[in-house]
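Peer 1: I'd like to go over a predicted model; first the sequence, then the structure.
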Amino acid sequence: VQLVESGGGMVQPGGSLRLSCAASGFTFSNYDMSWVRQAPGKGPEWVSGINPGGGSIYYADSVKGRFTISRDNAKNTLYLQMNSLEPEDTALYYCARDLPQSDPKEFDYWGQGTQVTVSS
């Protein structure tokens with residue numbers, strides 16, 4: 001299993017970024033996927049999740065209305081469109097594969113992360 005994130009960078013407050021996660025080594029279309037972030041000095045924070053078909057989508061309250069998760073199963077790729085970015089969104093963003101039937105939500109594979117920095 002391999003998850004490779006890309007698309008991070010530095011942006012001013014109010015700006016946008018689109019993260020991508022290329023998945024390989026498993027049947028991507030069979031799994032729920034998530035984005036998780038970790039800010040400096042803080043623990044991991046689940047940001048958003050999506051079911052295999054893309055019809056069920058969930059967001060943390062902190063990003064609702066600003067971030068949009070999506071997936072392209074034909075391309076084995078997960079996306080996170082981030083708009084109206086705030087300094088509080090600064091973090092290392094990870095793509096993660098959901099551990100099936102876990103409650104509370106757990107993850108069995110993570111990417112290496114892509115850094116997002118929001119600063120003027």
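Peer 2: Thanks, I have it.
Peer 1: Isn't residue 32 up against residue 51?
Peer 2: Yes. Under the criterion of C-beta atoms under 8 Å, residue 32 is in contact with residue 51, at a separation of 5.3 Å. Every C-beta, even on glycine, is put in place using the N, C-alpha and C of the backbone.
Peer 1: These two: who's more crowded?
Peer 2: residue 32 (19 against 14; other C-beta atoms under 10 Å).
Peer 1: who touches that one in this structure?
Peer 2: When contacts are counted by C-beta atoms under 8 Å, 6 or more residues apart in numbering, residue 32 touches 49-52, 97-98, 100.
Peer 1: go with 6 Å
Peer 2: By C-beta atoms under 6 Å, 6 or more residues apart in numbering, residue 32 lies in contact with 51, 98.
Peer 1: same deal with residue 49?
Peer 2: Listed by C-beta under 6 Å, 6+ apart, the contact set of residue 49 reads 34, 58.
Peer 1: as a whole number, average confidence for the helix or strand hosting it?
Peer 2: Applying DSSP states H and E as the criterion places residue 49 in strand 44-50. Taken as a whole, strand 44-50 has a mean pLDDT of 96.
Peer 1: any idea how far it is from the chain center?
Peer 2: Computed by C-alpha atoms, centre = their mean, to the nearest Å, the chain-centroid distance of strand 44-50 equals 6 Å.
Peer 1: Great, nothing more from me.
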